[in-house]
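**Student:** Compute the structure for the input listed below.
(one chain, ligands or ions: 1)
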Amino acid sequence: MRLVVTGREGQVARSLVERAHARPDFEVVVLGRPELDLAKPETIAPALAIARPDLVVSAAAYTAVDQAEDEPDLAFAVNGAGAGHVAEATARIGKPVIHLSTDYIFDGGGERAYTENDKPAPRSVYGASKLAGEHAVAKANPRHLILRTAWVYSPFGRNFVKTMLRLATDRDEIAVVADQWGNPTSALDIADAILHLAAMLYGNKGFASFGVYHFAGTGETSWSGFARHILDTSQAFGGPYARVRDIATVDYPTKAQRPRNSRLSTEKFRSVFGWTAPDWPGATSRVVEQLLTRRISNG
Ligand SMILES: NC(=O)C1=CN([C@@H]2O[C@H](COP(=O)(O)OP(=O)(O)OC[C@H]3O[C@@H](n4cnc5c(N)ncnc54)[C@H](O)[C@@H]3O)[C@@H](O)[C@H]2O)C=CC1
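**Tutor:** Got it, this is the predicted structure:
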């Protein structure tokens, strides 16, 4: 089965390439700029048609959350209209699309994990642009799976785990927000879930479970809890360590507002697809170990 993935250098795209290495039943083709540019609609359909997908994974996005506040037009062009064009081009060649979305479509109020029935109310340009993308995808291709995920990290690209390890190389203490809660999610686990979905979809004309799903690491924590686990694991493997000091969101102002409660209920995904992500501490430890081992082997 041939998966065509947008966002060539992204965490999810690179994780899919890595996970598919061990799976002779999957071939993963990654597309990126300039041949596929979500901000240039005319590039999208030709690039996808040439790549001959059995399934498209729409993982490219404008993900600079704070910068999006200053570039709303570009964020909406890429995450909203661009995502819609990908889904439309995929529908035109008769294939399904798996599209990645985000916890930031919620406002972060409330005390329980969000379900797929909860009403979106984004508080940032990024969140609003991703919600526009969900609507555009759903309208353009009825054969869609929209996966909302959160707090994504991996051995690739830029993410919170790599930031903590980098800061710990030259600081004794790192101040981290303690009053935002969520589910850290390894992009490698997202990749495994996507391969599971792809196998269920392939050649199954009767597949009737299209729609919106939440998929995230199992268990929850705060950013500071996440940071402590990363640095404790690093120390255990002989890597950099720093103490973590809890601070409040108000003490760490950012341009874009983040949801205080980012927790996603993955019950629907589990019951429909029989699949759950590993628990977040174990998954995080594996990525930290992978990063430290790579660093040592690279000298
Ligand atoms: N990183 C996170 O914490 C979260 C990410 N998501 C979503 O998951 C998906 C994957 O995220 P990541 O892999 O972490 O993102 P990433 O930031 O690692 O990768 C995004 C990719 O999209 C590409 N891209 C940006 N603008 C483009 C354009 N105009 N045309 C073509 N490609 C373009 C970038 O070059 C990059 O390769 C995205 O849809 C994101 O919105 C959802 C929740 C949390």
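**Student:** Where do the strands of the stretch 151-299 of the chain begin and end?
**Tutor:** When assigned using DSSP state E, counting those that start in this stretch, the strands of the stretch 151-299 of the chain occupy the ranges 152-153, 173-177, 181-182, 185-186, 211-214, 221-222, 243-247.
**Student:** right, so of those, which gets closest to the ligand?
**Tutor:** Among these, strand 152-153 comes nearest to the ligand, with 3.4 Å by Cβ to the nearest ligand atom. Using the backbone N, CA and C atoms, a C-beta is placed for each residue, glycine as well.
**Student:** how many other residues sit next to the nearest residue to Ser154 once chain neighbours are set aside?
**Tutor:** Sequence neighbours aside, Ala187 is the residue nearest to Ser154 in space, at 3.6 Å (criterion: Cβ to Cβ, 6 or more residues apart in numbering). Residue neighbour count, defined by other Cβ atoms under 10 Å, stands at 27 for Ala187.
**Student:** Isn't Gly84 up against Lys139?
**Tutor:** Yes. Contact criterion Cβ atoms under 8 Å: Gly84 and Lys139 qualify, at 7.0 Å.
**Student:** quick one: which of those two has more around it?
**Tutor:** Regarding Gly84 and Lys139, a neighbour count based on other Cβ under 10 Å identifies Gly84 as having more, with 25 against 12.
**Student:** The more buried one is in what secondary structure piece?
**Tutor:** Using DSSP states H and E, Gly84 sits in helix 83-92.
**Student:** and the helix or strand following that helix, anywhere near the ligand?
**Tutor:** Moving toward the C-terminus from helix 83-92, the next helix or strand (DSSP H and E) is strand 97-102. Yes. Against the ligand, strand 97-102 shows contacts by Cβ under 6 Å from any ligand atom at Leu100, Thr102.
**Student:** Run through who's touching the helix or strand following strand 97-102.
**Tutor:** Scanning the chain past strand 97-102 towards its C-terminal end, the next helix or strand to appear is helix 125-140 (assignment: DSSP H and E). Residues external to helix 125-140 that are found in contact with it (Cβ atoms under 8 Å, 6 or more residues apart in numbering): 58, 61-65, 68-69, 71-72, 75-76, 78-88, 91, 97, 99, 101-102, 104-106, 120, 122, 144, 146, 212, 256.
**Student:** and helix 125-140, which residues are buried?
**Tutor:** Buried residues in helix 125-140, counting neighbours by 16 or more other Cβ atoms under 10 Å, are found at 125-134, 136-138, 140.
**Student:** out of the residues you listed, who's nearest Pro278?
**Tutor:** Sorting these by distance to Pro278 puts Lys130 at the head of the list, at 24.9 Å, by Cβ to Cβ.
**Student:** roughly how far apart are the closest one and Asp103?
**Tutor:** Lys130 sits 10 Å away from Asp103, going by Cβ to Cβ, to the nearest Å.
**Student:** thinking again about what came up before, isn't the residue nearest to Ser154 up against Arg158?
**Tutor:** No. Using Cβ under 8 Å, Ala187 and Arg158 do not qualify as a contacting pair, with a distance of 11.9 Å.
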